[in-house]
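**Student:** Got a predicted model here, sequence first, then my questions.
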Amino acid sequence: PGLSNVEVYSIIKEELVSLEGRHKAKSANPTKSRDNLQIIERQLESARHVTQYLEGCCPVVKSAGVADVAEFLAGAAQFPLSQQEALQLADLAQTDPVFFWGVCRDLD
């Protein structure tokens, strides 16, 4: 099974905290850490871009948590959905029935 956008966002947000701490430590004392400052800065930039993308394109990541997605997926199991369809619905977080029919045509 894949990861939902909410799960990816959660993982990257946790990684951002770690990267920011490593960046601060390396900047404060460059010889103490074995980290490469340029690599950390590239990772920070990438993580920030991914979080900005997810926040802009998938607003549900800011309001739902990993437990919410798990609950949704558990509830979706009662419908004739593939894992991919259920995950796509969780990622897109739509409420319009026409949208659901467009993704899952077997839900008559």
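**Tutor:** Done, it's in.
**Student:** quick one: the helices in this protein?
**Tutor:** Assigned by DSSP state H, the helices in the chain fall at 5-28, 37-57, 60-63, 66-76, 83-92, 97-103.
**Student:** Now render those as TSV, adding mean neighbour count and mean pLDDT.
**Tutor:** For glycine as for every other residue, the C-beta is placed from the backbone atoms N, C-alpha and C. As requested, the helices of the chain are exported to TSV (neighbours: other CB atoms under 10 Å; pLDDT from 0 to 100):
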stretch	mean neighbour count	mean pLDDT
helix 5-28	16	94
helix 37-57	14	94
helix 60-63	16	89
helix 66-76	14	91
helix 83-92	18	86
helix 97-103	12	60
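**Student:** Residue 36 - how many residues pack around it?
**Tutor:** 10 (other CB atoms under 10 Å).
**Student:** and it, what is it in contact with?
**Tutor:** Residues counted as contacts of residue 36 (CB atoms under 8 Å, 6 or more residues apart in numbering): none.
**Student:** What confidence value was assigned to it?
**Tutor:** pLDDT recorded at residue 36 is 91.
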